[in-house]
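> sequence first, predicted model second:
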Number of protein chains: 2
Amino acid sequence: MTSYKITKITNKFSFGNPFNTNAVINNYLNLKKIKKNMPFFEVKNENDTIKLTYKMNNKDKIYGLGEMMGGLNKRGKKYKTYSNDVPIHTPDLENLYGNHPFLIVDGVETFGFFIDFPGKIEFDIGFEKYDTLEIKLKNNFDIYIFEGKKDEIIKEYLKLTGSPMSLPKWAFGYQQSRWSYPDKKSIKEIAKKFREYKIPCDAIYMDIDYMKDYKIFTIDKEKFTNFEKFVNEMKNEGFKLVPIIDPGVKIEKNYEVYEEGIKNNYFCKDEKGNDFTAAVWPGLTHFPDFLNEKVRKWWGDLYKNFNDMGIRAYWNDMNEPAIFYTPERLKEAFEVVKNVKNNDNLGIDVFKAKDSFVNMPNNIKDYKSFYHNVDGENILHDEVHNLYGFNMARATAEGLKRLDNNKRYFLLSRSSYSGQQRFSAIWMGDNMSWWEHMLYHIRMMLNLNITGFFYTGADIGGFGGNTSEDLVIRWMQLGAFTPLFRNHSAFGTRHQEPWEFSEKARNIMKDIIELRYAFIPYSYSEYMMSIEKLKPFISPMFLKYEEERIKEIEDQYMYGESLMIAPIITQNATGRYVHLPENKWLFWNASKYNERKLKVYNPGDYYVKADLFEIPLFIKENSIIVLTKPQNYIGEKEIEKLNVIAFVTEKSEYTYYEDDGETYNYKDGDYAKLKIEIAKDNTEYKIVIEKDESEDYKLKIKELNFEIYDKIGNVFTKKMEI
Amino acid sequence: MTSYKITKITNKFSFGNPFNTNAVINNYLNLKKIKKNMPFFEVKNENDTIKLTYKMNNKDKIYGLGEMMGGLNKRGKKYKTYSNDVPIHTPDLENLYGNHPFLIVDGVETFGFFIDFPGKIEFDIGFEKYDTLEIKLKNNFDIYIFEGKKDEIIKEYLKLTGSPMSLPKWAFGYQQSRWSYPDKKSIKEIAKKFREYKIPCDAIYMDIDYMKDYKIFTIDKEKFTNFEKFVNEMKNEGFKLVPIIDPGVKIEKNYEVYEEGIKNNYFCKDEKGNDFTAAVWPGLTHFPDFLNEKVRKWWGDLYKNFNDMGIRAYWNDMNEPAIFYTPERLKEAFEVVKNVKNNDNLGIDVFKAKDSFVNMPNNIKDYKSFYHNVDGENILHDEVHNLYGFNMARATAEGLKRLDNNKRYFLLSRSSYSGQQRFSAIWMGDNMSWWEHMLYHIRMMLNLNITGFFYTGADIGGFGGNTSEDLVIRWMQLGAFTPLFRNHSAFGTRHQEPWEFSEKARNIMKDIIELRYAFIPYSYSEYMMSIEKLKPFISPMFLKYEEERIKEIEDQYMYGESLMIAPIITQNATGRYVHLPENKWLFWNASKYNERKLKVYNPGDYYVKADLFEIPLFIKENSIIVLTKPQNYIGEKEIEKLNVIAFVTEKSEYTYYEDDGETYNYKDGDYAKLKIEIAKDNTEYKIVIEKDESEDYKLKIKELNFEIYDKIGNVFTKKMEI
């Protein structure tokens, strides 16, 4: 083990010969060795497997691990990092698509650690032994240990692995998806309905069926005649199209992507040096070797056609990489079936035939049978499995930047690794239309924010299975206060667009989406400030309050600095409990964006009513939120008026951030900030406004409409031109 | 449709030519026709499918349906009655093992209904349309409609379908199970540990491996040398053995049960009149035709050997009936695989091969391919599917009664139908070691109590998957306040007996089980009174309190008349919210049975702390519970002393019930009741005791130790010999 000092609170400990994952940004590559034992953990080396052990106190909470099942507090369960394409997210799952081996221990000792290792890491967080955190992995990794307070630990981790990406402002709009809107007609129909019903919407997704025979970077020209014109028409209506891009390249003579890949040896190889073959949607395919820089370059450039048409939004799916089967596994299954068939004395052995098919997809044997070419060296895929999605998204991001250096792009990836927050967002994969999955949505979003993925979300309404009217309404309410607000559902399931239920339901969903759009100035401003400050955009309560009980709250969270969300996530419930810590809170049982009957609550525990059309929001004492009038889509009109909703018992300060929402000019200082200070001044309020603009970017806001609530909920209004 | 009057609040409506399920007891077979339209429902007949539709008000709650997923309130989901052997209880499941088509609509109109139909009934309770309850079934059924208050409706339903069975008193003890303790040695080892650690236990289960080659009614004599002596040894230690009995009879020459069945035509027949063949644990088997009276008689008598050895406790499993596969389905699967194999242009068609194996078990095609002989008539199994488990349990119960008319038996069945509560208890089948399943445990237990299955329970710690120390502790706490208190786990999963975790965990579980045994006088007395009064033993809060909000409480319940249970069912939570309706409550954060630091709470909402070793219990104002000192097993010693814990602000009355706990003599009046009346009398209490005994049964209690709490929690103690 070699020890390095990074900062006052961060040290690095290297075991064996770690693979450079690129999770950590380059600034931290050249470090000074120091003499230091690893703190906190007992280290054991057994046959080149390292075991790290930490004895937990009863009060210790463990947070982090990003996209995983389990609670916000990860105690009492096993986990592993190993990208997993898994269709049914049952509570016992140990791994999903993403890998974010960063954890915070909060208790008797408070510290964080990040294990930079691209293969399988096993975490037993008090499962086998209630008081023991045990980690197992191969003897080739870096572990970074952060000794500080929780918010410092997160900040240091993000300095190390990079600040979360900015996204185009429209990413905070509503997004509609389904597997599939398979042709131009169906997409147009969807778009038309949004505008007809005056339900705001910014993006419509294109799932796998837009392609010709699932060939990546193709468009089925029969389903999409004159595609470029169509993209433009959609753009004029305010809709961004988001095509899906998978990694598997169909094996088909004369298919350009395939031919180029073959010619240049761009695909992963098997043991014998042949192109590795696996079946996914198109049938048999080869997998681009994204760990190879040349391949990334090639792949990124393949986006040119789409980019030239004006498409800057994509989702990279299936990049664990998911495998339906390989010819080898299929052959094995046929063999098993043959043996079962020839068995005269057959009993439960029949299940072996079933198992051979059930265990065929994403089989570990396959992941152990192909190779990457990294700087000329052959690397077994299994050892770097968790970097495949990372590098596919990286190839995409780098390509999109080359194609247009100053226009922000939108990119979701299903698989991910630490550091990926620098260049892609992620969604949480194939959840189900289960009420329980709303709670997992919250828990995962919180742990993903802790681990740097500030912009994320789960499929609203649930991807698999059939949703119900009430589930989709409640989930839309939750989704309206998550970064990615996308309704998505699977092939063969009930449609769940806002108009697919009763008229009443449609109106409720319209109200929710309008509420989301009313919050755009706040959401965007808070997001941009959070990536600047390296503080989670969506924050668990315990990052804001120290009270011991707060650490157990897994179904309330802070949305930005001023707002606490307490969604209803139980079927048939028309109310819920909330814990209001420390200060007073202004309760808004929100339905319509422009109807506010607000009530002040003192700290404590409450049961609050919330009918099916209401979502409980709480504005923090001495805090401010800024709203505007909803539009059909973000950027339809310039936002010139803000509703400033303030809950002021003494004094509140708020900084509103604004930029063009489209370019990286803000990085050169082209943004505006508006500082709003409201102080209680006997029976009046003193309001101070301060503008901070650049030469090239002037604040667009011209008018502020104040709505100031005092400690008993009396409201004071004022209009101010600025 | 023909209408009949049954009582003032109950009417019957017959459609077509209903099959006599025996759900309704004989007293109600001869009824007077009346002229009456069916109330509440709109009735439509489409091609001999009847659709019953009820428009729900937003406030309407729908309770009942017994063993089903979903909430206590069944709104917002689809269900169907069709016995289902399903290993993973995900939230979307529409059917499980049991069928209890009795529902209560509680709202603008309050009424109940029971649909007596042995085949598939589809219930859409506001799923397709949020405000519509729609029921679909074939035009051959009786529907009973109850117009009254909720408790009256339940009582009428139980008068119609029969009072829940009494069980031997030991059924309220702790029961240990696992698939499997496969031999004498392992069972002895388990028994020894209970006694060594002084953890009370009354029963140990024998899962499938005790049999010789899974042949029903055999014992593997190598694993169980001198079985009868062993049963006796176990009995002397206070352990009841509970062997599993499955329906499928192995096809094996010279196996007596098989030969008898063949000889007498006792098995279900296929279309051609041959014995229907399906594979379950023993490999290929035949299914006894339990709908045939002769077969039931034969089957019941097969229990003689076990009964003669002193075994009076059984569980009937796999009686949906579960089918692993039939030769026909297997042949089809092989055919599918062949086609897949011969397909040169293979894509996702491979999944068809998978599906053919995955969909092989419990296939509807099989249920539509065999027949019962009911009074000489051939009845397709599919049409009476839900009666198979009912009649297997009935055969068992009738047999056990013939074998010993006056000794109570213990019988669990996995599959069930309404009315079965008369002669068997049920457990909730193959749940998982998921925290979420604790909530389903509660919800299902409540709806099962509403539908007459007062004695029921889920596998404590979870059957499938691996449990954790904290999950099994929390689940043991819940289980201690459910009728069936059985820890059970599946083959290949982590062991979850109380000593399988840390020493601390073992001690906590010992305390919980002792607490359960301390409550035995209360539990048994309340259970026996509940079946006498036809009032649920385990009661949802809404049966006790009228407040609208109470109807949404799904995680608190009444255990008997005096005690409210609010278990912790969330991982890592050390507290929870409780709603305390109407009256004051005496809070006992219970861990050790003899340590009580009680505190009075006023009505309202509270967050109460409860560490991993504590379970929140609440004694109702002016109510009484009776405890005793735990024993190694029930009946080890005569209970002669009671601790009377009373929370008296004005006056409380309690009736303690006692009988021999073993026979049906109580039905002839051989029981004792002890009426305890405690009235607040200024600073003192007035205690009045009244004994009610029969000539042949005298009250065993000799001493009462009063612990009386007043409205501020001050305690008054008194010892009284009686």
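Sure, I can see it. Computed from a prediction, not measured in an experiment: that's the story for all the values here.

> OK, contacts around the residue nearest to A:F410 when sequence neighbours are not counted?
Nearest non-adjacent residue to A:F410, counting by C-beta to C-beta, 6 or more residues apart in numbering or on different chains: A:A313, 3.8 Å away. Bear in mind the C-beta positions are built from the backbone N, C-alpha and C, glycine included. By C-beta atoms under 8 Å, 6 or more residues apart in numbering or on different chains, the contact set of A:A313 is A:168, A:203, A:240-242, A:409-411.

> go again with 7 Å.
Listed by C-beta atoms under 7 Å, 6 or more residues apart in numbering or on different chains, the contact set of A:A313 reads A:203, A:240, A:242, A:409-410.

> next: A:F453.
Taking C-beta under 7 Å, 6+ apart as the contact definition, A:F453 lies against A:66, A:164, A:421, A:425-426.

> now the strands for the stretch 351-500 of chain A?
Counting by DSSP state E, counting those that start in this stretch, one finds strands in the stretch 351-500 of chain A at the ranges A:370-374, A:377-380, A:410-413, A:416-417, A:425-427, A:456-457, A:485-487.

> ugh, typo on my part, it should be the stretch 101-250 of chain A
A:102-106, A:111-116, A:121-125, A:132-138, A:141-146, A:174-176, A:203-206, A:240-245, A:249-250.

> most packed of those strands?
For these, the largest average neighbour count (mean count of other C-beta atoms under 10 Å in any protein chain shown) is found in strand A:174-176, namely a mean of 26.

> just the mean pLDDT for that strand, thanks.
Averaged over strand A:174-176, pLDDT sits at 98.

> export the contacts of A:A313 to JSON lines and tack on distance to B:F390?
Output for these, formatted as JSON lines (distance: C-beta to C-beta, whole Å):
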{"residue": "A:A203", "distance to B:F390": "54"}
{"residue": "A:K240", "distance to B:F390": "58"}
{"residue": "A:V242", "distance to B:F390": "54"}
{"residue": "A:Y409", "distance to B:F390": "62"}
{"residue": "A:F410", "distance to B:F390": "58"}
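
> which among these gets closest to B:K36?
A:A203 (57.5 Å; C-beta to C-beta).

> sorry, back to before: now the two most distant members of the contacts of A:A313.
It's A:A203 and A:Y409 that sit farthest apart of the contacts of A:A313, by C-beta to C-beta, at 12.8 Å.

> returning to that earlier point: let me have the strands of the stretch 101-250 of chain A in a markdown table, extended by distance to A:K680.
A markdown table is the format used below for those (distance: least, C-beta to C-beta, whole Å):
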| stretch | distance to A:K680 |
| --- | --- |
| strand A:102-106 | 35 |
| strand A:111-116 | 39 |
| strand A:121-125 | 46 |
| strand A:132-138 | 47 |
| strand A:141-146 | 39 |
| strand A:174-176 | 37 |
| strand A:203-206 | 42 |
| strand A:240-245 | 43 |
| strand A:249-250 | 64 |
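
> turn these into TSV, columns for distance to chain B.
Below are those laid out as TSV (distance: least, C-beta to the nearest C-beta, whole Å):
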stretch	distance to chain B
strand A:102-106	12
strand A:111-116	19
strand A:121-125	10
strand A:132-138	10
strand A:141-146	23
strand A:174-176	21
strand A:203-206	19
strand A:240-245	16
strand A:249-250	10
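
> need the contact list for the residue most central in space within chain A.
Compute the mean C-alpha point of chain A, and by C-alpha atoms, centre = their mean the closest residue is A:T456, 2.3 Å away. By C-beta under 7 Å, 6+ apart, A:T456 lies in contact with A:425-428, A:445, A:448, A:483-484.

> filter those residues down to the buried ones.
Among the contacts of A:T456, the ones that count as buried by 16 or more other C-beta atoms under 10 Å in any protein chain shown are A:425-428, A:445, A:448, A:483-484.

> ok, for the residue of the stretch 101-250 of chain A found nearest chain B, nearest residue in space, not its chain neighbours?
Taking C-beta to the nearest C-beta, chain B has its nearest neighbour within the stretch 101-250 of chain A at A:Y130, 4.4 Å off. Residue nearest to A:Y130 in three dimensions, not counting chain neighbours: B:E469, with 4.4 Å by C-beta to C-beta, 6+ apart.

> cool, and A:K700?
Using C-beta to C-beta, 6+ apart, the nearest residue to A:K700 is A:E638, at 5.4 Å.

> give me the pLDDT for the one you found.
97.

> that one and chain B, how far apart?
The gap separating A:E638 from chain B is 39 Å, by C-beta to the nearest C-beta, to the nearest Å.

> next one: that residue from B:I550, what distance?
52 Å (C-beta to C-beta, to the nearest Å).

> and those two? which has more neighbours close in?
B:I550 (17 against 10; other C-beta atoms under 10 Å in any protein chain shown).

> could I get the full set of helices for chain A?
A:150-161, A:184-196, A:227-236, A:256-263, A:293-301, A:304-308, A:327-341, A:350-358, A:364-367, A:388-403, A:436-450, A:469-479, A:503-518, A:520-533 (DSSP state H).

> chain center to the shortest one, what's the gap?
Spelled out, that is helix A:364-367. Offset of helix A:364-367 from its chain centre (C-alpha atoms, centre = their mean, to the nearest Å): 27 Å.

> what are the buried residues along that helix?
A:366-367.

> contacting residues around A:F224?
Per C-beta under 7 Å, 6+ apart, neighbours of A:F224: A:183-184, A:210, A:230.

> how is chain A carved up into domains?
For chain A, the domain assignment from automatic domain parsing gives the residue ranges A:2-161, A:203-324+A:367-427, A:326-360.

> state the distance from the residue lying closest to A:S14 once chain neighbours are set aside to chain B.
Excluding the flanking residues, the one nearest A:S14 by C-beta to C-beta, 6+ apart is A:T2, at 4.5 Å. Distance, A:T2 to chain B, by C-beta to the nearest C-beta: 36 Å.

> pretty sure A:T2 is touching A:K32, no?
No: counting by C-beta atoms under 7 Å, A:T2 stays clear of A:K32, with 10.9 Å between them.

> neighbour count winner among those two?
For A:T2 versus A:K32, neighbours defined as other C-beta under 10 Å are more numerous around A:T2 (13 against 8).

> residue in the stretch 151-300 of chain A nearest to chain B?
Nearest to chain B in the stretch 151-300 of chain A, going by C-beta to the nearest C-beta, is A:G283, at a distance of 4.0 Å.

> ok, that residue - how many residues close by?
The number of residues near A:G283, taken as other C-beta under 10 Å, comes to 19.

> what pLDDT does the nearest residue to the residue nearest to the centre of chain A once chain neighbours are set aside get?
Spatial nearest neighbour of A:T456, chain neighbours left out: A:L448 (4.8 Å); criterion: C-beta to C-beta, 6+ apart. pLDDT recorded at A:L448 is 98.

> need the contact list for A:L448.
A:66-67, A:456.

> want to throw the residues you listed into JSON lines with pLDDT?
Shown next, in JSON lines, are the contacts of A:L448 (pLDDT from 0 to 100):
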{"residue": "A:G66", "pLDDT": "98"}
{"residue": "A:E67", "pLDDT": "98"}
{"residue": "A:T456", "pLDDT": "98"}
